[in-house]
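K.L.:
next one to model:
(one chain, ligands or ions: 1)
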Amino acid sequence: MKFSVALAAALAGEEPTLAGASALLSARGEQLEAMGQAADKMRKAQVGEVVTYVVNRNINFTNVCIKRCHFCAFSDDLRGGKGYFLPLDEIIRRAEQARAMGATEICVQAGLVPELDAAGYLRITESLKTACPELHLHAWSPEEIKHGARQSRIKVRDFLADLKRAGLDSIPGTSAEILDDSIRKRLAVGRITSAQWLDVIRHAHELGLPSTSTMMFGHLESAVDQAGHLLTLRRLQQQTGGFTEFVPLAFVHHQAPLFSSNPDVRPGPCADERRAVYAASRLLLGDCIPNLQVSWVKEGLQASQKLLAYGVNDVGGTLVNESISTAAGAPHGQMQAPAQLLDLIAGSGRPAQQRDTLYRPISSAASRPWDEDYGDWQRLRDEPDFAYGASGNPSRSAAVSTSQAKP
Ligand code: SF4
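P.N.:
Down below sits the predicted model:
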């Protein structure tokens, strides 16, 4: 389909086709600039001028994982690296510290530990909610939910319902990459399949657990594959309405085994492709997923500010302890204090608004200055007390002690 026809159809609010979506995602040069302006206009009409951000903290409590996703440099214990596992009291300490910093959300995701079953996930969930009931608990990717359910031989839907009862508020829409199994098999043998990912998300939405949605791009996929992914998310959102946002995630290649072992893999997207993906995402999803988030972790602060002109209305969170992209070689840091996100937004000339996880505006919570040492991913791996298997027992953490679990 011609780009001009696809753009006109998007602006007329027509249901997008695979050919039309592919044409938009392939736009470069003058077409890209025209699409950027159209996306900016559509963003203004759909969500206004405000740029939002959330004060949150990541707790990636272990890098030990039974999977070997080729794009992942975070899980390194079985690649000759160092495995760590935070004890439950350290996980809770980090959440309590986040609360004192003014955070409204904690985001908990980690590797798939062999010993962690449904009861273990429930124990972490319940313990965090008990310690910090004010914090929105955004936790457990579809891959982790599938893992916990499988380890305990229970149904995904039942596990999700148990997690919700234990205090889970929403789930990250990570582990989506590109929802096409022919690509997924090349990205990660044994990765959760497209159908399984959609199944977990659908059950979560039906149970009243919203989720984010994501796409990892700039590796093996084509514009057609990206288009198929976006339309798949669109169809699910039309059925459930459970996605709170869409976040394009540019592939970070530096330390990814996928890049060094496969000459077909691209070194992440070029700048034009990034702009095209953001602008096309606004045009293709904005009417059903109005919140489009730029990832400062992947793009950096300056580029994120520029991408605000391509349909974006959110700059994500403070994160405090970003590990996944840092491990892959992303050079943009492990946290941004609220003041830095406010500077980023102010530079765009648009107003800023702190939000909660569900995009409800909130007034800034009182918080002490962010001038302490909040931890560093590299140091975490060197800390003897956090070593996986310390004292010969990886389950010394109450987090995985199923005997203490309270499902
Ligand atoms: S992406 Fe997740 S599941 Fe895959 S190896 Fe990394 S931590 Fe494990």
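
K.L.:
how about the CA coordinates for stretch 343-356, as PDB?
P.N.:
Provided in PDB are the C-alpha atoms of stretch 343-356 (Å, rounded to 0.1, in the frame of the first residue of the first chain):
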ATOM      1  CA  ASP A 343      14.100  18.900  33.000                       C
ATOM      2  CA  LEU A 344      13.600  16.500  30.100                       C
ATOM      3  CA  ILE A 345      10.000  17.500  29.700                       C
ATOM      4  CA  ALA A 346      10.600  21.200  30.300                       C
ATOM      5  CA  GLY A 347      13.000  21.200  27.400                       C
ATOM      6  CA  SER A 348      10.200  20.100  25.100                       C
ATOM      7  CA  GLY A 349       8.200  23.100  26.000                       C
ATOM      8  CA  ARG A 350       5.200  21.000  27.200                       C
ATOM      9  CA  PRO A 351       3.800  20.800  30.700                       C
ATOM     10  CA  ALA A 352       4.700  17.900  33.000                       C
ATOM     11  CA  GLN A 353       2.500  15.900  35.300                       C
ATOM     12  CA  GLN A 354       3.400  13.200  37.700                       C
ATOM     13  CA  ARG A 355       1.000  10.200  37.300                       C
ATOM     14  CA  ASP A 356       0.400   6.900  39.000                       C
END
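
K.L.:
grab the nearest non-local neighbour of the closest residue to the ligand within the stretch 201-350 of the chain.
P.N.:
With C-beta to the nearest ligand atom as the measure, I324 is the residue of the stretch 201-350 of the chain nearest to the ligand, at 7.7 Å. Quick note: C-beta positions are derived from backbone N, CA and C, even for glycine. Leaving out its chain neighbours, the residue that sits closest to I324 by C-beta to C-beta, 6 or more residues apart in numbering is F74, at 4.7 Å.

K.L.:
do the same with Q334
P.N.:
Per C-beta to C-beta, 6+ apart, closest to Q334 is E322, 4.4 Å.

K.L.:
give the contact list for the one you found.
P.N.:
58, 297, 333-335, 377 (C-beta atoms under 8 Å, 6 or more residues apart in numbering).

K.L.:
Q238 contacts C288, correct?
P.N.:
Yes. Using C-beta atoms under 8 Å, Q238 makes contact with C288 at a distance of 5.9 Å.

K.L.:
more neighbours: which of these two?
P.N.:
C288 (15 against 11; other C-beta atoms under 10 Å).

K.L.:
isn't the more buried one right next to L231, touching?
P.N.:
No. At 11.1 Å, C288 does not count as touching L231 under the criterion of C-beta under 8 Å.

K.L.:
please save the CA atoms from stretch 23-37 in CSV.
P.N.:
Extracted C-alpha coordinates of stretch 23-37, given in CSV (Å, rounded to 0.1, in the frame of the first residue of the first chain):
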residue,chain,number,x,y,z
ALA,A,23,3.7,1.3,4.9
LEU,A,24,3.7,3.6,7.9
LEU,A,25,6.4,1.8,9.7
SER,A,26,8.6,1.9,6.6
ALA,A,27,8.3,5.6,6.2
ARG,A,28,11.6,7.5,5.8
GLY,A,29,12.7,11.0,4.6
GLU,A,30,9.8,13.4,3.8
GLN,A,31,7.2,10.7,4.5
LEU,A,32,8.6,10.2,8.0
GLU,A,33,8.5,13.9,8.7
ALA,A,34,4.9,14.1,7.5
MET,A,35,4.0,11.1,9.6
GLY,A,36,5.7,12.7,12.6
GLN,A,37,3.7,15.8,12.3
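
K.L.:
pLDDT on it, on average?
P.N.:
Taken as a whole, stretch 23-37 carries a mean pLDDT of 98.

K.L.:
same thing with stretch 262-280?
P.N.:
On average, stretch 262-280 scores 96.

K.L.:
pull the distance from that stretch to the chain's centre.
P.N.:
Relative to its chain's centre, stretch 262-280 lies at 18 Å (C-alpha atoms, centre = their mean, to the nearest Å).
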